[in-house]
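S.K.: Any chance you can model this:
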Amino acid sequence: MAKQLKIDFVSDVSCPWCVIGLKSLETALESLKGEVAADLHFQPFELNPQMSADGQDIVEHIAQKYGSTPTDIERNRENIRARGAELGFEFNMQASRKR
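M.R.: Got it, this is the predicted structure:
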């Protein structure tokens, strides 16, 4: 009999790392099928509740929020793209810029 497990998954729908975390969790749970039966509960979290409805250029936002350099930002974006690709996602970072 599978062990019952309740998981509260807290995430922001606009966060690529949250999607990566969810897909990784789903993959892990699939590998434990028969051993663990997870009851997954989604909890909302807003990364930036002060953001205006007009949004902000993502590169500008990350630089202001975290003090990241353009090199840091591009390295992080490459990590997101690579990890997403491993999980079957294609992240289009150009589309995440404010137009």
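
S.K.: The protein: strands as residue ranges?
M.R.: Secondary structure of the chain (DSSP state E): strands located at 3-11, 36-44.

S.K.: how many neighbours does the nearest residue to Thr27 once chain neighbours are set aside have?
M.R.: In this structure, Thr27 finds its nearest non-sequential neighbour in Leu87, 7.1 Å apart by C-beta to C-beta, 6 or more residues apart in numbering. Heads up, the C-betas are built off the backbone N, CA and C, glycines and all. Residues near Leu87, counting by other C-beta atoms under 10 Å, number 14.

S.K.: who's in contact with Leu87?
M.R.: 20, 23-24, 27 (C-beta atoms under 8 Å, 6 or more residues apart in numbering).

S.K.: Of those residues, which is the nearest to Met1?
M.R.: Using C-beta to C-beta, Thr27 is the member of the contacts of Leu87 that lies nearest Met1, at 22.7 Å.

S.K.: what's the distance between the closest one and Asp57?
M.R.: According to C-beta to C-beta, to the nearest Å, Thr27 stands 33 Å off from Asp57.

S.K.: do the same with Trp17
M.R.: Trp17 is 19 Å from Asp57, by C-beta to C-beta.

S.K.: So between these two, which is more surrounded?
M.R.: More crowded of Trp17 and Asp57, by other C-beta under 10 Å: Trp17, with 15 against 12.

S.K.: Give me the nearest residue to that one, chain neighbours excluded.
M.R.: What sits nearest to Trp17 in space, not counting adjacent residues and going by C-beta to C-beta, 6+ apart, is Ile80, at 7.0 Å.

S.K.: pLDDT score for the one you found?
M.R.: Looking at Ile80, its pLDDT is 95.

S.K.: ditto for Arg97
M.R.: 46.

S.K.: what's Cys18 in contact with, if anything?
M.R.: Counting by C-beta under 8 Å, 6+ apart, Cys18 touches 11-12.

S.K.: per-residue pLDDT, it?
M.R.: The confidence metric pLDDT takes the value 94 at Cys18.

S.K.: Quick check: it vs His61, distance?
M.R.: From Cys18 to His61 the distance is 16 Å (C-beta to C-beta).

S.K.: and the worst-scoring helix or strand of the chain on mean pLDDT, what other elements does it pack with?
M.R.: When each helix and strand of the chain is scored by mean pLDDT, DSSP states H and E, helix 58-66 comes last, with a mean of 89. Under the contact definition 3 or more C-beta pairs under 8 Å, 6 or more residues apart in numbering; DSSP states H and E, helix 58-66 sits against helix 70-86.
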